[in-house]
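Participant: Just the structure for this:
(one chain, ligands or ions: 1)
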Amino acid sequence: MSRAMELAPLRCERCGERPGGPAWRCPRCGGPLEFDEPGSPAGPAAPRLAPPPPGRFRWPWEASIWRWEPLLPEVPAEARVTLGEGATPLVPLAGEAEGGEAPEAEGGGIWLKLDFLQPSGSFKDRGAAFLVSYLKAQGVREVRDDSSGNAGVALAAYAARAGMRCHVFVPSASSEGKLAQLRLLGATVHRLDGGRDAARAAAQAEEAAGFYASHNWHPAFLAGLTTLGYELAEEVASLLAPGQRWHAVLPAGHGSLVLALGRAWRRLGRGRAAAAPAAAPAPAPVLWAVQAEGDAPLARALEEGLPEPTEEILAAPRRPTAAEGIAGARPVRGREVLEHLRRSGGGVVTVTEEELAAALLRLLGQGLLVEPTAAAALAGALRLRREGRVAAGEPVVAVLTGSGLKAPAALERLLAGDRPGEGRPGGAGPGGERT
Ligand SMILES: Cc1ncc(COP(=O)(O)O)c(C=O)c1O
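Facilitator: Got it, this is the predicted structure:
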């Protein structure tokens, strides 16, 4: 099934430079790197659209992101690393009766993509699996990243699987639970005085601690996340009436999920021109980013009609939120995130801490133990419905991104009425970005 393949090259978005070896940003101008798009003059041939038909279980290609190999940038088979990530369930939200309305017909309601059901407990495993594979093909043996949350844990897990050494730079205030996870997975934890900015600066400077495998910078991480889009393209197709729209609601700090879904349908669109699909994928969704009301730079940039969040917006004070995974971000590809949102007909939906807690409670009440950042997706979906920005009957998929098993104490505090920034730790404060 797999092509005899070379490693897909990277190129700089801004100046066109092609780095000769492992690089996390352009060695010439510092811009973000990208893969060539299929069908573009420099890119590979348009990919085959349909994945291999499901059949007998064949490890590992049918139980991991590698099921979507024809749609991913090339990585030689011998470098591919997997822990069985992806292939997560899509289930309807139970008890859809809102404000006395009748429950919506099946298929017309809110659907939950359980993307926290992954080896290390978050959607980041898709990205880490592909990034570590790509770097393994480049001969990288040691990686570093800055994170105090899910991305660091995902990188540590996949680095362990690949036999790479892993260093994670974390802010001093990181939760003991997350630090323990990192250590248990064999990562060396570098704890920095100061907040998220200090951890990022140290990780970028510390060249002796391996290659900077930044989940926010490296396009291979985003390529792994596009598999969420391919899965949804297949699953949602059967929910839709002909010509019907559907919506994807995504917690967003840097906006990697918006980029992932936007890029997935861009690639599907290119593929469609050259290959007949075995089964038609769902059309591209209307994309909605969810941010906390007190920490919403993407929302502000969109409201003000800006191409991307300005330095003034990013530097403005932010209020603490229990949705720590989407707090305090400075998006690397903010312009592209806003472009996908605008072009899809969607935008940013902001949610209050009360809405977050209510959504979390509702999910817990139906057996779904997620972290507050994941509950933001449901809070956003419910608000979009209430405000009529999503029409009744149009399916909505809320992506639940992180497991509550990582931080049960923080969940209990939130539901007991403690709000972050009110005396106890719990959420990221201004500048306390966590990814
Ligand atoms: C559980 C969870 N959801 C969503 C996000 C947001 O990801 P991004 O910053 O790429 O938008 C994160 C980031 O850490 C996260 O941990």
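
Participant: Up against the ligand, what does the stretch 101-250 of the chain have?
Facilitator: Contact residues (CB under 6 Å from any ligand atom) of the stretch 101-250 of the chain with the ligand: Ser122, Gly149, Asn150, Ala151. From N, CA and C alone the C-beta is placed, and that goes for glycine too.

Participant: mind running it again at 5 Å?
Facilitator: Neighbours of the ligand within the stretch 101-250 of the chain, by CB under 5 Å from any ligand atom: Gly149, Asn150.

Participant: any low-confidence regions in the stretch 101-250 of the chain?
Facilitator: 101-108 (pLDDT under 70).

Participant: closest point of it to the ligand, which residue?
Facilitator: Relative to the ligand, the nearest point of the stretch 101-250 of the chain is Asn150 (3.9 Å; CB to the nearest ligand atom).

Participant: Endpoint to endpoint, stretch 132-145 covers what distance?
Facilitator: 12 Å (CA to CA, to the nearest Å).

Participant: How about stretch 228-245?
Facilitator: 18 Å.

Participant: Could you do stretch 241-261 as well?
Facilitator: So stretch 241-261: terminal residues 21 Å apart, CA to CA.

Participant: Enumerate the positions of it that are buried.
Facilitator: 244-261 (16 or more other CB atoms under 10 Å).

Participant: how far out from the middle of the chain is it?
Facilitator: 11 Å (CA atoms, centre = their mean, to the nearest Å).

Participant: any idea how far Ala180 is from Gly345?
Facilitator: Distance check for Gly345 against Ala180: by CB to CB, to the nearest Å, it reads 43 Å.

Participant: need the strands for this protein, in chain order.
Facilitator: Ranges of strands in the chain, per DSSP state E, are 10-12, 33-35, 90-92, 110-114, 142-146, 165-171, 188-192, 211-212, 247-251, 286-292, 347-351, 396-400.

Participant: Pick the most deeply packed of the ones you listed.
Facilitator: Ranked by mean neighbour count, the strands of the chain are led by strand 247-251 with a mean of 29 (mean count of other CB atoms under 10 Å).

Participant: export that one as CSV, just CAs?
Facilitator: Provided in CSV are the C-alpha atoms of strand 247-251 (Å, rounded to 0.1, in the frame of the first residue of the first chain):
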residue,chain,number,x,y,z
HIS,A,247,-20.6,23.2,11.6
ALA,A,248,-17.4,22.3,13.5
VAL,A,249,-16.8,23.9,16.9
LEU,A,250,-13.2,24.0,18.0
PRO,A,251,-11.5,25.3,21.2
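
Participant: And the contacts of that strand?
Facilitator: Here strand 247-251 makes contact (CB atoms under 8 Å, 6 or more residues apart in numbering) with 232, 257-258, 261, 285-290, 323, 325-326, 346, 349, 373-374, 376-378, 380-381, 384, 390, 394-399, 401.

Participant: Walk me through which strands that strand pairs with, and which way each runs.
Facilitator: strand 286-292 (parallel), strand 396-400 (parallel) (DSSP bridges).

Participant: Those into CSV, with extra columns for mean pLDDT and distance to Phe221?
Facilitator: Formatted as CSV, the strands paired with strand 247-251 follow (pLDDT from 0 to 100; distance: least, CB to CB, whole Å):
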stretch, mean pLDDT, distance to Phe221
strand 286-292, 98, 18
strand 396-400, 98, 16
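
Participant: quick one, domains of this structure?
Facilitator: Per automatic domain parsing, the domain ranges recorded for the chain read 90-121+219-415, 141-212.

Participant: which stretches of the chain form helices?
Facilitator: Assigned by DSSP state H, the chain shows helices spanning 124-137, 150-162, 176-184, 196-205, 219-237, 256-274, 297-303, 311-315, 334-344, 353-364, 372-386, 408-415.
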